[in-house]
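[1] Build me a model from this:
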Amino acid sequence: MATIRLAMEKYVDKNYGSCAYSVIGHHAKWVRWVPKNPMYEISTPEKDPPKILLVGCDNTQTIVKMCRTSYAKLTEFERRHNKRFMLLKSERGGIVCCNTERPEETYPLDQLVAGGNMVEHIDGDLLNNMWHNLRVPSTDVETAYAHATNSLIS
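    Here you go, the predicted model:
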């Protein structure tokens, strides 16, 4: 079985072969004796976004797309709450941040980045957590969604 690092190298070569890239950490970073997710930084010729961060999730060999803004919001949350996260793919297909010291404590990545309880991925791809792809719906939409969900449950 291929490692996430090898899967990421193949993905980068296939999708971003003409772009310059760098590996952040030779292997997965280790923080407090727990491995962190391996990450590639891709420099694209487009100005928006100028750089793409590809982060690997070891549990399912999934590659998550982020930008510097998204990653900065994640690290700010880690710093503010004195936590360290590993990114994992959830059973529902989204990405969760798992506390490395208390694995039962998880947070949806898109909610941490966008700062809302409900977050929409504009392109519909749950693995694309770039800042410009996330939107917190207006209160009217949230209320309608809550009513629809409650009526389905009852």
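[2] For stretch 53-70, which residues meet the burial criterion?
    Across stretch 53-70, burial judged by 16 or more other CB atoms under 10 Å covers 53-58, 61-67, 70. C-beta here means a position set from N, CA and C on the backbone, and glycine is covered the same way.
[3] Let's have the residues you listed in a markdown table, adding secondary structure.
    A markdown table is the format used below for those (DSSP: H, G, I helix; E, B strand; the rest coil):
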| residue | secondary structure |
| --- | --- |
| L53 | strand |
| L54 | strand |
| V55 | strand |
| G56 | strand |
| C57 | strand |
| D58 | coil |
| Q61 | coil |
| T62 | strand |
| I63 | strand |
| V64 | strand |
| K65 | strand |
| M66 | strand |
| C67 | coil |
| S70 | helix |
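[4] Just the closest of those residues to P137, please.
    P137 lies nearest to S70 out of these, by CB to CB, at 18.3 Å.
[5] how many other residues sit next to V12?
    Neighbours of V12 under the rule other CB atoms under 10 Å: 18.
[6] My guess is it contacts Y40. True?
    Yes. Counting by CB atoms under 8 Å, V12 touches Y40, with 5.7 Å between them.
[7] list the residues that contact both of the two?
    Contact with both V12 and Y40 is made by residues Y21, L54, according to CB atoms under 8 Å, 6 or more residues apart in numbering.
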